[in-house]
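>>> Predicted model, plus sequence, below.
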Amino acid sequence: MKIVVLAGGTSTERTVSITSGTGICKALRQKGHQAILVDIFCGIENVDRENPFPSEYDVDAASEYMSAFNDRIEQMKKERRSFFGPNVLKLCEAADIVFLGLHGANGEDGKVQATFDLMGIKYTGTGYLSSALAMDKGITKQMFLMNNVPTPRGVSMVKEEMTTDLKALGMEFPVVVKTCCGGSSVGVYIVNDQAEYEQALKDAYSYENEVVVEEYIKGREFSVAVVDGKAYPIIEIAPLQGFYDYKNKYQAGSTIETCPAEISPELTEKMQHYAEAGAKALFMEGYCRLDFMMKENGDMYCLEANTLPGMTPTSLIPQEAKVLGIDYPTLCEKLIEVSMKKYPAQDFTL
């Protein structure tokens, strides 16, 4: 297949996305596909019109080209009107499918997906509506509650209606303050007193205009991939320090990850059920990953859903797939396969 692996972009997770995209592109080429790595925002200036998907291709060189723009992104955003970089849409239209290796805003929020739907471009992952729902943590919480998926009690606040009085929100310390539409735990703060709470609000609002304040669940952290409606083995994430924030997610050796998680068969079944129910509540198609906290007494809470979770070879979903005997390149192919199901029936072989 001719595949564009789309990565990079303008979000706070740009560098993570480049790492994911590089791994995906290498894996797909290992499987014999004509995959190329493209930065959705920076694009490619010089494209071989006769052969845009060459059989010989240097993925690392493409990754380095993308990374060279990192320090200029903010300036480029000010100078540009269009989000899509040079030749990006033309390459995507020429591909059999686009593998979305994007993370965060303008990647996971449904905007790119809606554009591609209108242009007839096939892509991996869920559609624009479920992407938008899952990106907003306040809406996600409401959808979970409506569908009997346990989730921490909380409220969302826009900056104009912000209150520093936790009691007015019916809550008490400790609480979690997080941006409404952030990702990779950027803009997430666990606060224990009034001073920390006010600082966390200030910091969170520096990212966007809406935040979520929710009760803090003390316990163990887990994550569950849902692929084609079925839960994968549960992975437990045990940070050596603090919680599973941006640093612990992407700095090697910061966490101990155990898959399958060492919990009872009953709790395993329960969490996998809630993962599948959470994905269904948000109308997920293809694949996603849901994050959980579990108290010592076994009470569990679904925190959020990730529509385009990290896909480096050592990311959580590849670790879960490995337990099922699915290696990383095969997983990348499988995610394409399940993503194609959202399109009208047609002859399709990888």
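Happy to help now that I have it.
>>> do you know how far Ile139 is from Leu303?
Applying C-beta to C-beta, to the nearest Å, the value for Ile139 to Leu303 is 14 Å. No exception for glycine: its C-beta is placed from N, CA and C like everyone else's.
>>> of those two, who's got more company?
Using other C-beta atoms under 10 Å, the more surrounded residue of Ile139 and Leu303 is Leu303, with 24 against 16.
>>> Quick check: chain neighbours aside, which residue is closest to the more buried one?
Counting by C-beta to C-beta, 6 or more residues apart in numbering, Asp291 is the residue found nearest to Leu303 once chain neighbours are left out, at 4.6 Å.
>>> Helix, strand or coil: sort out the one you found for me.
strand (DSSP: H, G, I helix; E, B strand; the rest coil).
>>> do the one 10 residues further on as well
Here Tyr301 is recorded as strand under three-state DSSP.
>>> which residues pair with it across the strands?
Met293 (DSSP bridges).
>>> how much space between the most far-flung residue of the chain relative to its centre and Ala94?
In the chain, the residue that sits farthest from the middle, by C-alpha atoms, centre = their mean, is Glu50; the gap is 34.2 Å. For Glu50, the distance to Ala94 equals 12 Å [C-beta to C-beta].
>>> again, but for Glu236
Counting by C-beta to C-beta, the gap from Glu236 to Ala94 is 42 Å.
>>> Under the pLDDT cut-off, which ranges of the chain? List them.
Confidence mapping of the chain against pLDDT under 70 gives the ranges 182-186, 241-253, 346-350.
>>> now the strands: where do they sit in it?
2-7, 34-39, 97-100, 154-158, 175-179, 188-191, 210-215, 220-227, 230-231, 235-239, 255-258, 287-294, 300-306 (DSSP state E).
>>> neighbouring contacts of the third one?
Residues from elsewhere that reach strand 97-100 (C-beta atoms under 8 Å, 6 or more residues apart in numbering): 1, 3-6, 24, 28, 35, 92, 107, 112, 116, 121-125, 308, 332, 335-336, 339-340.
>>> hey, C-alpha coordinates of that strand in CSV?
The C-alpha trace of strand 97-100 is given here as CSV (Å, rounded to 0.1, in the frame of the first residue of the first chain):
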residue,chain,number,x,y,z
ILE,A,97,-4.5,5.5,3.5
VAL,A,98,-3.0,8.1,5.9
PHE,A,99,-1.7,6.7,9.2
LEU,A,100,-2.3,9.4,11.8
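>>> Ends of stretch 98-111, what's the gap?
Stretch 98-111 has an end-to-end distance of 15 Å (C-alpha to C-alpha, to the nearest Å).
>>> going forward, begin numbering at 44 instead of 1
Sounds good: first residue 44 from here, last item stretch 141-154.
>>> Show me what counts as buried in it.
Under the neighbour-count criterion of 16 or more other C-beta atoms under 10 Å, stretch 141-154 has 141-148, 150-154 buried.
>>> for stretch 369-383, same thing?
Buried-residue list, stretch 369-383, by 16+ other C-beta under 10 Å: 369, 371-372, 374-383.
>>> what comes into contact with it?
By C-beta under 8 Å, 6+ apart, the surrounding residues in contact with stretch 369-383 are 44, 46, 66-67, 70-71, 73-74, 140, 142, 165-168, 270-271, 328-330, 354, 356, 360-361, 364-365, 391, 393.
>>> CA-only coordinates of that stretch in CSV, if you can.
Taking Å, rounded to 0.1, in the frame of the first residue of the first chain, the C-alpha atoms of stretch 369-383 are listed here in CSV:
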residue,chain,number,x,y,z
ILE,A,369,1.3,-9.3,17.9
ASP,A,370,4.6,-7.7,17.1
TYR,A,371,5.0,-4.0,16.4
PRO,A,372,5.0,-4.0,12.6
THR,A,373,2.0,-6.4,12.6
LEU,A,374,0.1,-4.1,15.0
CYS,A,375,0.6,-1.1,12.7
GLU,A,376,-0.9,-3.2,9.9
LYS,A,377,-3.8,-4.3,12.1
LEU,A,378,-4.6,-0.7,13.1
ILE,A,379,-4.9,0.1,9.4
GLU,A,380,-7.1,-3.0,8.9
VAL,A,381,-9.6,-2.1,11.7
SER,A,382,-9.6,1.6,10.7
MET,A,383,-10.7,0.7,7.1
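>>> So which residues of the stretch 144-293 of the chain form helices?
Using DSSP state H, counting those that start in this stretch, the helices of the stretch 144-293 of the chain run over 154-162, 171-178, 180-189, 237-248, 289-293.
>>> can you list the domain ranges for the chain.
45-166, 196-258, 263-382 (automatic domain parsing).
>>> Compute the distance between Thr55 and Glu151, please.
Counting by C-beta to C-beta, the gap from Thr55 to Glu151 is 12 Å.
>>> Widest-spaced pair of the buried residues of stretch 141-154?
Phe142 and Ala148 (19.2 Å; C-beta to C-beta).
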